[in-house]
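> generate a structure from the sequence data that follows.
(chains A, B, C and D)
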Protein chains: 2
Amino acid sequence: MRPLGQFAANVYAAKRMTDPNAEAVRYPFTGRFLLGRLRELMSDEEKALLEGIIERTEWIDKPSRLIARGEKTDHSTMLIDGFMLRTLDDTGRRHAVSFHVPGDFVDLHAFALKRLDHNIDTVGRVKVGYVSHAALDEVMREHRHLARLFWFSTLLDAALHREWITSLEHLTAPRRLAHIFAETWRRLEMVGLGDREGFDTPLTQIDLADMCGTTPIHANRAVRDLRERGIATFERGRVTIADRPALEAYADFDPTYLYGSASLDLRDFST
Amino acid sequence: MRPLGQFAANVYAAKRMTDPNAEAVRYPFTGRFLLGRLRELMSDEEKALLEGIIERTEWIDKPSRLIARGEKTDHSTMLIDGFMLRTLDDTGRRHAVSFHVPGDFVDLHAFALKRLDHNIDTVGRVKVGYVSHAALDEVMREHRHLARLFWFSTLLDAALHREWITSLEHLTAPRRLAHIFAETWRRLEMVGLGDREGFDTPLTQIDLADMCGTTPIHANRAVRDLRERGIATFERGRVTIADRPALEAYADFDPTYLYGSASLDLRDFST
DNA sequence: CGCATCCTTGAGGGCCATCAAAATGCGTGG
DNA sequence: CCACGCATTTTGATGGCCCTCAAGGATGCG
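Prediction:
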């Protein structure tokens, strides 16, 4: 994988970055949206507008299917706290096509598509915020730059999909798992979550299997492989990374596809 | 895979559809853009605008890398004739993450991302049209509805990615190949290409391998599998589908993710 | 007619699915 | 505090899919 550029070891060291925690406090519902990516290009007015169109928030305690494939929706969902999976079912089996962390506008694309071609499933306990499509439409009509940022955020999803495809095409199951851990950790860092040793997550090994495209049994062997290599450990509720360079090397991980602020030369979105 | 709804056997039979060939004649560069999807919602003014911002067209005779990963671009590319692959390289091997047919605005997302995280490779002989980002920006500033359609078209790419992921996660190589044939045929039909028996394509078995995430050797065995089952044959330059229902059943193919006009209830994009 | 590219086939081995079963951890209720 | 049920995690054995290495055949182009 040819690297596109250097990525600072500590993504928060980059210039023009926004302090993650301050944002999350000031904008409790939407403070992590595009954090670590292009949030530094959002004006205070835009941030306030976005925060203001969250009409309702909700805690969902148990893993559940928030939106089923084919359902017609008139609102979109901001993931405020916790994790979600985007999934597709085939006979008796669930397949994950992407994973979401706080700050992700998980079904913004439903605004344009109206019906999703996939499910949105919660993982563990989550807090979500709802925005009506009518409100989105109104805000976007008046605020072209914000509309452009919304577009950008859906393009990020597509970039994640592409990386997931490549990962499925050329990595073994343990390496794919390593890739998932590496990506998740980076994305959590971007939005001010995770810590020095790893991150907390309510994912089960069954979820990991859905994400790796393997069986739970083999996912377990992949977990064991990472443990025996001294790369990472997985316990219920917690992923601990013992050796980050080894993890990222094993996964053939190059974070440029995340379009993080630390690789600012990657895009030019100031208009 | 749970079907979302019925898809007419002949996608052109649906109401409110635009005649594919007439469009391609009237708008020689962009007449297939969103054809079979939401083109019927484009006004004549919008169609003319889009056609007008194509600044230059070019025939490219040999398979080549049109845009390399990481390259900075100030224009986007409309695929007018022929086929393209979106690829990522890893050590010595190319992996395809999506496939493009005429009418696809292949790197519209480069407008927002500026640098792509993947390559754009041509397959066989292609004709492309170029649009500067400045022109795109100007058109989108004045024409909100057209801007929305551009957004929609990039969301289609993401939907294709998701289907590709699912296909990789749960289908064997011969079935993935069948899925690629089924999808390609449908998409060509949408834009007025392909025919009753199949479609012409300059894809090699090496390309098929890159698309399936297998080796060329195994791709060849997948081709043989489809031939021996009486489902489809692949010769240089031509895919012939012997048994469409068998093909689509074998591939577990449900075309709703293509968001075609024939499944109009899938989205509501009239604003 | 030589060369390059693509297609085809065979043999051996590794990754991962499936079937089967047991151990661990957690929440609930007694 | 313990008993119990349930979901999750772990391990073993067998077999199929697909990779790798190797080699030969077809096709098209200069």
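
> what comes up buried for stretch A:31-43?
By neighbour count on 16 or more other CB atoms under 10 Å in any protein chain shown, the buried set for stretch A:31-43 is A:Gly31, A:Arg32, A:Phe33, A:Leu34, A:Leu35, A:Gly36, A:Arg37, A:Leu38, A:Arg39, A:Leu41, A:Met42. Every C-beta, even on glycine, is put in place using the N, C-alpha and C of the backbone.

> can I assume the fourth one is in contact with A:Leu149?
Yes. If you go by CB atoms under 8 Å, A:Leu34 and A:Leu149 touch, sitting 6.5 Å apart.

> who touches both of those two?
Residues touching both A:Leu34 and A:Leu149 (CB atoms under 8 Å, 6 or more residues apart in numbering or on different chains) are A:Met42.

> grab the longest strand from chain A for me.
Ordering each strand of chain A by length in residues (DSSP state E) puts strand A:75-90 first.

> is DNA strand C contacted by the helix or strand that that one is followed by?
Of the helices and strands lying after strand A:75-90 in sequence (DSSP states H and E), the nearest is strand A:93-100. No. Applying CB under 7 Å from any atom of the strand, one finds strand A:93-100 separated from DNA strand C by no less than 7.9 Å.

> what does the stretch 51-200 of chain A put close to chain B?
A:69-70, A:86, A:88-91, A:93, A:95, A:97-98, A:109, A:112-115, A:117-118, A:137, A:141, A:144, A:147-148, A:151-152, A:154-155, A:157-159, A:161-166, A:168-170 (CB under 8 Å from any CB of the partner chain).

> what subset of the residues you listed is buried?
Buried residues within these, counting neighbours by 16+ other CB under 10 Å: A:69-70, A:86, A:88-90, A:95, A:97-98, A:109, A:112-115, A:117-118, A:147-148, A:151-152, A:154-155, A:157-159, A:161-166, A:168-170.

> so which of those residues are in helices?
A:112-113, A:147-148, A:151-152, A:154-155, A:157-159, A:161-166, A:168-170 (DSSP state H).

> in the stretch 101-250 of chain A, what residue comes closest to DNA strand D?
Here the residue of the stretch 101-250 of chain A nearest DNA strand D is A:Gln205; by CB to the nearest atom of the strand that distance is 3.0 Å.

> point to the residue nearest the middle of chain A.
Nearest to the geometric centre of chain A sits A:His100, at 3.4 Å (CA atoms, centre = their mean).

> dump the residue contacts of that residue.
A:Leu79, A:Phe83, A:Met84, A:Leu85, A:Arg86, A:Val106.

> can you redo those residues as TSV with pLDDT and distance to DNA strand C?
Below are the contacts of A:His100 laid out as TSV (pLDDT from 0 to 100; distance: CB to the nearest atom of the strand, whole Å):
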residue	pLDDT	distance to DNA strand C
A:Leu79	97	23
A:Phe83	96	17
A:Met84	96	21
A:Leu85	96	17
A:Arg86	96	19
A:Val106	96	26
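
> now that we have these, which one has the most neighbours?
Neighbour counts for the contacts of A:His100, by other CB atoms under 10 Å in any protein chain shown, peak at A:Met84, which reaches 28 neighbours.

> what sits against it?
Neighbours of A:Met84 in contact, by CB under 8 Å, 6+ apart: A:Leu66, A:Phe99, A:His100, A:Asp104, A:Val106, A:Ile120, A:Asp121, A:Thr122, A:Val123, A:Val126.

> the first one against A:Lys127, yeah?
No. Under the criterion of CB under 8 Å, A:Leu66 lies out of contact with A:Lys127, with a separation of 11.9 Å.

> common neighbours of those two, please.
With CB under 8 Å, 6+ apart, A:Leu66 and A:Lys127 have common neighbours A:Ile60.

> which one of the contacts of A:Met84 is nearest B:Asn220?
When the contacts of A:Met84 are compared for distance to B:Asn220 (CB to CB), A:Phe99 wins out at 34.6 Å.

> near DNA strand D, which residues of the stretch 101-250 of chain A?
Residues of the stretch 101-250 of chain A found near DNA strand D (CB under 7 Å from any atom of the strand) are A:Thr204, A:Gln205, A:Ile206, A:Pro216, A:Ile217, A:Asn220, A:Arg221, A:Val223, A:Arg224, A:Phe234, A:Arg236.

> hmm, 10 Å instead?
Within the stretch 101-250 of chain A, the positions adjacent to DNA strand D are A:123-124, A:169-170, A:172, A:202-209, A:215-225, A:227-228, A:233-237 by CB under 10 Å from any atom of the strand.

> would you show me how to pick out the buried ones of these in PyMOL?
Selection of the buried residues among those in PyMOL, burial being defined by 16+ other CB under 10 Å:
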select buried, chain A and resi 123+124+169+170+202+203+204+205+207+208+209+218+219+220+222+223+225+234
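
> mind listing what's buried in the lowest-mean-pLDDT helix or strand in chain A?
Of all helical and strand segments in chain A, the minimum by mean pLDDT, DSSP states H and E falls on helix A:20-26, at a mean of 89. The neighbour-count check on helix A:20-26 (16+ other CB under 10 Å) flags A:Pro20, A:Glu23, A:Ala24 as buried.

> could you do stretch A:117-135 as well?
Buried residues in stretch A:117-135 (16+ other CB under 10 Å): A:117-124, A:126-133, A:135.

> cool, and stretch A:193-204?
Buried residues in stretch A:193-204, counted by 16+ other CB under 10 Å: A:Leu193, A:Gly194, A:Gly198, A:Phe199, A:Thr201, A:Pro202, A:Leu203, A:Thr204.

> quick one on the thing from earlier: quick check: bridge partners of the residue lying closest to the residue nearest to the centre of chain A once chain neighbours are set aside?
Of all residues not flanking A:His100 in the chain, A:Met84 sits nearest, at 4.2 Å (CB to CB, 6 or more residues apart in numbering or on different chains). Applying DSSP bridges to A:Met84 yields these beta-bridge partners: A:His100, A:Thr122.

> wait, A:Gly124 touches A:Pro63, no?
Yes. A:Gly124 lies in contact with A:Pro63 (CB under 8 Å); the separation is 6.5 Å.

> shared neighbours, these two?
Common neighbours of A:Gly124 and A:Pro63 (criterion: CB under 8 Å, 6+ apart): A:Pro202.

> pretty sure A:His118 contacts A:Asp90?
No. Applying CB under 8 Å as the test, A:His118 and A:Asp90 come out as separate, 11.8 Å apart.

> quick one: the helices in the stretch 101-250 of chain A, in order.
Under the criterion DSSP state H, counting those that start in this stretch, the stretch 101-250 of chain A contains helices at A:110-113, A:133-142, A:144-170, A:173-190, A:205-212, A:216-228, A:244-250.

> residues in contact with the one residue in the stretch 1-150 of chain A that gets nearest to DNA strand C?
Distances between the stretch 1-150 of chain A and DNA strand C by CB to the nearest atom of the strand are smallest at A:Arg93, namely 7.9 Å. Residues counted as contacts of A:Arg93 (CB under 8 Å, 6+ apart) are B:His170.

> tell me what it is bridged to.
Under the criterion used (DSSP bridges), A:Arg93 bridges to A:Asp90.

> any idea how far it lies from A:Ala68?
In this view, A:Arg93 and A:Ala68 are 16 Å apart by CB to CB, to the nearest Å.

> repeat that for A:His133.
18 Å.

> same check on A:Ile180?
Distance of A:Ile180 to A:Ala68, computed by CB to CB: 24 Å.

> the two: who's more crowded?
A:Ile180 (22 against 13).

> show the pLDDT at that one.
If you check A:Ile180, the pLDDT there is 97.

> ok, A:Asp210 next?
Reported pLDDT for A:Asp210: 96.

> now do A:Thr87
pLDDT, read off for A:Thr87, is 95.

> I am finished for the moment; much appreciated.
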